[in-house]
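**Student:** Following is a predicted model, sequence given first.
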Amino acid sequence: MPAPPPIKNDIRRLRFEHGEMTQADLAQRIGMTRQTIAAIEQGKYSPSLEAAFRIAQVFGVGLERVFQWEG
């Protein structure tokens, strides 16, 4: 089994801070599936750069507030 990517994220916390937004709500807003959002949150999948920017835009924060590199 491959090691998880060295990218951590605060999507769950940001969703909670934004009116307890669901994974499905976030997914719909950025054109992804809820399952993909769940995998990103759990660190099992790294989003494309475009998707990462879309996620940050939904929350109105910079990319570094959503994702952190721990390589």
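**Tutor:** Nice, thanks for sending it over.
**Student:** how about Asn9, phi and psi?
**Tutor:** In terms of degrees, to the nearest 10, the main-chain angles of Asn9 are phi -140, psi 160.
**Student:** Surely it is in contact with Arg65?
**Tutor:** No - look at Asn9 against Arg65 with C-beta atoms under 8 Å: they stay out of range, at 9.8 Å. All C-beta spots, glycine's among them, are computed from the backbone N, C-alpha and C.
**Student:** Excluding sequence neighbours, find me the nearest residue to Gln68.
**Tutor:** Nearest residue to Gln68 in three dimensions, chain neighbours excluded: Lys8, at 4.7 Å (C-beta to C-beta, 6 or more residues apart in numbering).
**Student:** Assumed the one you found was part of a helix.
**Tutor:** No - counting by DSSP: H, G, I helix; E, B strand; the rest coil, Lys8 falls outside a helix, being strand.
**Student:** what about it, how many residues close to it?
**Tutor:** 12 (other C-beta atoms under 10 Å).
**Student:** Going forward, the N-terminal residue is numbered 48.
**Tutor:** Done: numbering now begins at 48, and the last item shifts to Lys55.
**Student:** longest single helix anywhere in the protein?
**Tutor:** In the chain, assigned by DSSP state H, the helix with the most residues is helix 96-106.
**Student:** Does anything pack onto that helix? Which helices or strands?
**Tutor:** helix 70-77, helix 110-113 (3 or more C-beta pairs under 8 Å, 6 or more residues apart in numbering; DSSP states H and E).
**Student:** buried set for the first one?
**Tutor:** Residues 70, 73-74, 77 are the ones in helix 70-77 that count as buried (16 or more other C-beta atoms under 10 Å).
**Student:** Kindly reformat those residues as CSV containing distance to Leu96 and pLDDT.
**Tutor:** Output for the buried residues of helix 70-77, formatted as CSV (distance: C-beta to C-beta, whole Å; pLDDT from 0 to 100):
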residue, distance to Leu96, pLDDT
Gln70, 21, 98
Leu73, 17, 98
Ala74, 18, 98
Ile77, 13, 97
